[in-house]
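Undergrad: heads up, no residue letters with this:
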């Protein structure tokens, strides 16, 4: 089936909409910024360092010397480990606080959890493992099972340490190794360390007055309590909620998937909303087996490249939209418009056309809400008034419809900038108390809070005892976003200073591949120390900042969220500092660097020394 452009209204008043967007932003801004959230381990009695899914098995502390420690078993960590294994690097050990591989897909088991973008792009190593998703937006449990498939197939369980939290990292110059301390009393000495915590590592909670007084059940969606609700992630029959009044706070990507299940099963559901999400129709057909058979080697990379252009760079003339969803709608519509009216000759013209289409698409989304939600006041409150980049777009065939249920009520708290308080028996919104038995927080993750708070590692000390947190206090300082001067043999997977792909797992995979190459090259040269020179690091920082595309003007117009650091004056972009020429240019730059073979910018030192 061919993918057609959507029908968007032509008669939009962009000036009036921009003013409306700013008004909606202003009424939600809070002076506290990030401080309106509190660490989960401080706010909740049971904290979030426990594992509700797997029992923690007692074990003796481990004292060992290893070659590579990969800190994190999510997509960034497992891909780094995969590439290290593929390069033939021996003795790779993955360490994670979870009970298995999976990262965010291990912890998040809430009802309805699915990938919210194209699974054929998002789930990595499909061709390498022979796995094919069952549908375009794959279920969360199937994604975690794919983690296990990768780990089994490529030997990544060997030496892995789960239910283990790293608490300290100290570089020991005398043995050219990192000393790793953990909450299990381990004393590990690793030649190389790969930091792979991922951006969705630490759940966040709003600091609601009176939360500690509430006598009902509280949990975050990242630690779903099926013992309380009934059901499980493969069969989310939440029958234990039949006599329960449940409130869910948050209306982002997670709540879009959870709310329909709460509405279906709970006696009463209150959806507490500060800012609505744009919710489009979800096309999620089962994978066509004939289509799967027709795919040729290299199909996944080609599809990922098509999605990247559709979501970010813009589709090429005549290029089909292989994804055909809400992520690629603007590019698809513009392509059709340009083919009718002529392709722009300048970047400025394309940017202006994209901005105008953004307003038209959002107006289409708002008009759709009016046709789905029966109560006019509720429909009005569910309308998103911002640019598409301001809040992660979503799709669902059930979310908006759930508000037509008599047992579901929207509590819009935008006027009061959030929930007023909690009491022993309920919540207070807009001056009215609502009695509840359970509060579910769908409040997301700390993707732009301070690095130390996100990572949860108290001490990271490089050469001379210098703290990494202090080293990066005024901004990231890296070479290619993956190494930093003064912290030998330490590598980073994540959003720091590099290229960004619309499929985040592609970004992590490229980084894992590059890091594995550097580690193998250093080992082949007999070096025990590798780090960027200060000059090379500083040159890369200058390159990144000179090429950066300034998005702060758009960010400041957005309603507050993690995308603009909750509206704080100092905006911390959740994708770090991205390489302006784009992901493809960044990938070519790294490939050329590897092909040159001289490891330009890196300093290799010291011959093999045995640890003492």
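TA: Nice, thanks for sending it over. Model, not experiment: these values are computed from the prediction.

Undergrad: Residue 124 and residue 580, how far apart?
TA: According to CB to CB, to the nearest Å, residue 124 and residue 580 sit 25 Å apart. Bear in mind the C-beta positions are built from the backbone N, C-alpha and C, glycine included.

Undergrad: which residues touch residue 140?
TA: Residue 140 is in contact with 105, 108, 109, 113, 114, 115, 233, counting by CB atoms under 8 Å, 6 or more residues apart in numbering.

Undergrad: List the buried residues for the host helix or strand of residue 586?
TA: Here residue 586 is covered by helix 583-596, with elements defined by DSSP states H and E. By 16 or more other CB atoms under 10 Å, the buried positions in helix 583-596 come out as 583, 586, 587, 589, 590, 593.

Undergrad: and stretch 602-609, average pLDDT?
TA: Mean per-residue pLDDT for stretch 602-609: 75.

Undergrad: shaky segments in the stretch 401-550 of the chain?
TA: 447-449 (pLDDT under 70).

Undergrad: That one: helices as residue ranges?
TA: According to DSSP state H, counting those that start in this stretch, the stretch 401-550 of the chain carries its helices in the segments 451-455, 468-471, 504-524, 534-547.

Undergrad: now, of these, which is deepest in the fold?
TA: The highest mean neighbour count among the helices of the stretch 401-550 of the chain, using mean count of other CB atoms under 10 Å, belongs to helix 504-524: a mean of 22.

Undergrad: If the closest residue to residue 515 other than its chain neighbours is in a bridge, with which residues?
TA: Nearest residue to residue 515, sequence neighbours excluded (CB to CB, 6 or more residues apart in numbering): residue 491, at 4.5 Å. On the basis of DSSP bridges, residue 491 is bridged to residue 194.

Undergrad: ok, residue 491 - how many residues close by?
TA: Residue 491 sits with 26 neighbouring residues when counted by other CB atoms under 10 Å.

Undergrad: Return the residues in contact with it.
TA: 80, 192, 193, 194, 195, 482, 483, 515, 518, 519.

Undergrad: closest to residue 437 among the residues you listed?
TA: Taking CB to CB as the measure, residue 437 sits nearest to residue 195 out of the contacts of residue 491, at 40.8 Å.

Undergrad: What residues sit buried inside the lengthiest helix in the chain?
TA: Longest helix in the chain, counting residues (DSSP state H): helix 347-372. Within helix 347-372, the residues that count as buried by 16+ other CB under 10 Å are 353-354, 356-366, 368-369, 372.

Undergrad: From residue 98, how far out is residue 57?
TA: 14 Å.

Undergrad: ugh, typo on my part, it should be residue 228
TA: Computed as CB to CB, the residue 228 to residue 98 distance reads 21 Å.

Undergrad: higher neighbour count, the two?
TA: Taking neighbours as other CB under 10 Å, residue 228 and residue 98 compare with residue 98 leading, 21 against 16.

Undergrad: The closest residue to the more buried one other than its chain neighbours in helix, strand or coil?
TA: Distance criterion CB to CB, 6+ apart; nearest residue to residue 98, sequence neighbours excluded, is residue 106 at 4.4 Å. Put simply, residue 106 is helix when judged by DSSP: H, G, I helix; E, B strand; the rest coil.

Undergrad: Would you enumerate the residues in contact with residue 106?
TA: Taking CB under 8 Å, 6+ apart as the criterion, residue 106 is in contact with 53, 73, 74, 98, 99, 100, 144, 147.

Undergrad: Which elements pack onto the helix or strand harbouring residue 191?
TA: Assigned by DSSP H and E, residue 191 belongs to strand 187-195. If contacts are counted by 3 or more CB pairs under 8 Å, 6 or more residues apart in numbering; DSSP states H and E, strand 187-195 sits against strand 63-71, helix 75-86, strand 177-182, strand 490-492.

Undergrad: Next SSE downstream of it?
TA: Downstream of strand 187-195, the first helix or strand assigned by DSSP H and E is strand 204-206.

Undergrad: pLDDT averaged over that following strand - what is it?
TA: The average pLDDT for strand 204-206 rounds to 82.
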